[in-house]
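> sequence first, then the predicted structure, then my questions.
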Amino acid sequence: MSQIRNIVILTGAGISAESGIDTFRSAGGLWEQHRVEDVATPEAFSRDPDLVLRFYDMRRAAIQEKVPNAAHRALAELDAQWNGNLLIVTQNVDDLHERGGARRVLHMHGEHLKAWCTSCDIRSHWRGTLIDRPCCPVCQARTLRPDVVWFGEMPYRMGEIHAALREADLFVSIGTSGAVYPAAGLVRTARELGLQTLELNLERSQGSNWFHETRLGPATEVVPDWVAEVLGG
Ligand code: NAD
């Protein structure tokens, strides 16, 4: 590890699983009994906005009851102590990395605790509901939607993610199935750029073959162990 200076970490639903937030897979490919196509696409929102807004209102309320686990806290410790570049790219829309204490976090799939006004294009912090069509705090239009990237939409800040990879020596993927693109393709980019690659996951994923090394186990065990190794070494 001594030659490692700059690190990019990709996290997925698996890192929040032990905080009590279901992964997509553990729910059998359903989210709260809903098919993805019915709640997590722009088409679903046009077809049945009430269903979609109610679904996200429920999830927004639920994540506020959850607390960060030892894996989130270990990454926060790494963030605090690591002198080189570090970027935690998360696919998660919960805020457990931030509440665990991490600062260098990029939400490529948006955030439950933000609402996006499609009239003025401003994103506002949001803890309450959207089903009641509240006004945008900036322009007053009643056109707020969850600030979550739906299937078929472009993830946020891909340019920044690729720039961080170009500067990095190590890419680490934690608790993600390697099924959702373009996040799943980041390991290939990392390999093409010559980075070391490490996967930490409960079980082997669709992307495991792309990594130099895969360590299996629950995130609350394998992540603190890896962080201790990096900071100790
Ligand atoms: P996924 O559900 O497809 O895969 C979850 C992965 O986590 C699997 O590889 C599984 O082996 C692993 N996992 C499960 N429990 C774990 C544990 N205790 N420790 C370590 N790993 C564990 O999730 P994904 O790959 O992130 O992709 C699905 C999409 O849905 C993403 O956009 C994702 O962020 C989103 N999503 C987000 C949340 C959240 O914000 N917490 C929850 C569910 C889904």
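Right, received. Where do you want to start?
> which strand is the longest one in the protein?
In the chain, with assignment by DSSP state E, the single longest strand is strand 110-117.
> next SSE after it?
strand 123-125 (DSSP states H and E).
> which other helices and strands contact the longest strand of the chain?
Judged by 3 or more Cβ pairs under 8 Å, 6 or more residues apart in numbering; DSSP states H and E, strand 110-117 is in contact with helix 49-63, strand 123-125, strand 144-148. For the C-beta atoms, the positions are set from N, CA and C on the backbone; glycine is no exception.
> report the angle between that strand and helix 49-63.
If you take axes from the mean of the first three to the mean of the last three Cα atoms, to 10 degrees, strand 110-117 sits at 130 degrees to helix 49-63.
> is strand 110-117 up against the ligand anywhere?
No. Strand 110-117 is not in contact with the ligand by Cβ under 6 Å from any ligand atom; minimum separation 7.1 Å.
> pLDDT of that strand, averaged?
The average pLDDT for strand 110-117 rounds to 98.
> measure how it sits relative to strand 144-148, angle-wise.
Going by the same axes, to 10 degrees, strand 110-117 makes 150 degrees with strand 144-148.
> might you enumerate the residues of this protein proximal to the ligand?
Checking the chain against the ligand by Cβ under 6 Å from any ligand atom, the hits are 12-14, 16-18, 21, 23-25, 91-94, 109, 175-177, 179-180, 201-203, 205, 218-219.
> now, of these, which are buried?
Restricting the residues of the chain next to the ligand to buried positions leaves 12-14, 16-18, 21, 23-25, 91-94, 109, 175-177, 180, 201-202, 205, 218-219, with burial counted as 16 or more other Cβ atoms under 10 Å.
> looks like Thr214 contacts Glu199 (just checking).
Yes. Using Cβ atoms under 8 Å, Thr214 is in contact with Glu199, at 4.3 Å.
> shared neighbours of the two, anything?
Residues touching both Thr214 and Glu199 (Cβ atoms under 8 Å, 6 or more residues apart in numbering) are Ser208.
> circling back: out of the residues of the chain next to the ligand, list just those in strands.
Among those, the ones falling in strands (DSSP E) are Asn201.
> which of the helices and strands packed on strand 110-117 has the highest mean neighbour count?
Each of the helices and strands packed on strand 110-117 was scored by mean neighbour count; the highest is strand 144-148, a mean of 21, by mean count of other Cβ atoms under 10 Å.
> next one: that strand to chain centre, how far?
On the basis of Cα atoms, centre = their mean, to the nearest Å, strand 144-148 is displaced by 16 Å from the centre of the chain it belongs to.
> ok, the residue lying closest to Gln206 once chain neighbours are set aside - contacts?
Computed as Cβ to Cβ, 6 or more residues apart in numbering, the closest residue to Gln206 that is not its neighbour in sequence is Gly178, at 4.0 Å. Shown in contact with Gly178 (Cβ under 8 Å, 6+ apart): Ala184, Val187, Ser205, Gln206, Gly207, Ser208.
> check Cys117 too.
The contact partners of Cys117, taken as Cβ under 8 Å, 6+ apart, are Arg123, Ser124, Cys136, Val138, Cys139, Ala141, Thr143, Leu144.
> verify the stated contact: the third one with Thr143.
Yes. Counting by Cβ under 8 Å, Cys136 touches Thr143, with 6.7 Å between them.
> anything in contact with each of the two?
Contacts common to Cys136 and Thr143, judged by Cβ under 8 Å, 6+ apart, are Cys117, Ser119.
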